[in-house]
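1. what follows is a protein structure lacking sequence information:
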């Protein structure tokens, strides 16, 4: 069993998902059990959880997560599929992205970049190629993201890739002893196509 890209018209053959997803400095690929040691480094760092509600997980928790993620399919709404963010330079995981599917061709995206690899633009590149995958490869209608308002680096990533700021929920999360705001971003397939057309007409 595997997820397939359903053709727009009847009579055509479904195509396998184009994963791994390649970018100049990274590859997004399905996670595997051999990633355990590197995931322990990513997920065991308390600093990674400053702006999220999750908590560090131990080795057993990571193995349980990997087991469930291996069975997840993008064709099923309500399931999240995680892809390892592998650096081409080091050939090691620098983090991961998650695509949480909803019904009606919509999804939520999140990105985790380990502290030692932050500030290098890998998160921006990962989200950019993931958006292209969402709109160009699997024809989603809308992709959204939520971010703690205090996480300025993550806000910059979402804005750099062209996601549109939709609004802010004030003090909607109580986290680590304080109320936090959440900023919401989204991008429609029409907006993405228009941005790519403009980029093609005005190359850097």
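-> Arrived safely. Computed from a predicted structure; not experimentally measured. Residues are numbered from 1 along each chain as shown.
2. mean confidence for the host helix or strand of residue 171?
-> In the assignment (DSSP states H and E), residue 171 maps to strand 164-175. For strand 164-175, the mean pLDDT works out to 95.
3. please name the nearest non-neighbouring residue to the one residue sitting closest to the centre of the chain.
-> Nearest to the geometric centre of the chain sits residue 97, at 3.5 Å (Cα atoms, centre = their mean). Excluding the flanking residues, the one nearest residue 97 by Cβ to Cβ, 6 or more residues apart in numbering is residue 111, at 4.7 Å. For the C-beta atoms, the positions are set from N, CA and C on the backbone; glycine is no exception.
4. could you pull out the helices in the protein for me?
-> 36-43, 59-71, 122-132, 152-160, 189-201 (DSSP state H).
5. which other helices and strands does the first one contact?
-> Put plainly, it is helix 36-43. helix 59-71, strand 93-102 (3 or more Cβ pairs under 8 Å, 6 or more residues apart in numbering; DSSP states H and E).
6. that one to helix 59-71, inter-axis angle?
-> For helix 36-43 against helix 59-71, the angle by axes from the mean of the first three to the mean of the last three Cα atoms, to 10 degrees is 110 degrees.
7. next, the buried residues of helix 36-43.
-> Neighbour-count burial for helix 36-43 flags 38, 39, 40, 42, 43 (criterion: 16 or more other Cβ atoms under 10 Å).
8. could you do stretch 108-126 as well?
-> Residues of stretch 108-126 classed as buried by neighbour count (16+ other Cβ under 10 Å): 108-114, 117-118, 122-126.
9. what two of these are the furthest from one another?
-> For the buried residues of stretch 108-126, the farthest-apart pair by Cβ to Cβ is 108 and 117; their separation is 22.6 Å.
10. tell me the strands beside the strand holding residue 171, with direction?
-> Sheet partners assigned to strand 164-175 using DSSP bridges are listed as strand 178-188 (antiparallel).
11. buried residues in the strand it pairs with?
-> Across strand 178-188, burial judged by 16+ other Cβ under 10 Å covers 180, 182, 183, 184, 185, 186, 187, 188.
12. name the residues that touch the strand holding residue 171?
-> 53, 144, 148-149, 158-159, 179-187, 191 (Cβ atoms under 8 Å, 6 or more residues apart in numbering).
13. redo that, cut-off 7 Å
-> Strand 164-175 has contacts (Cβ atoms under 7 Å, 6 or more residues apart in numbering) with 53, 149, 179, 180, 181, 182, 183, 184, 185, 186, 187, 191.
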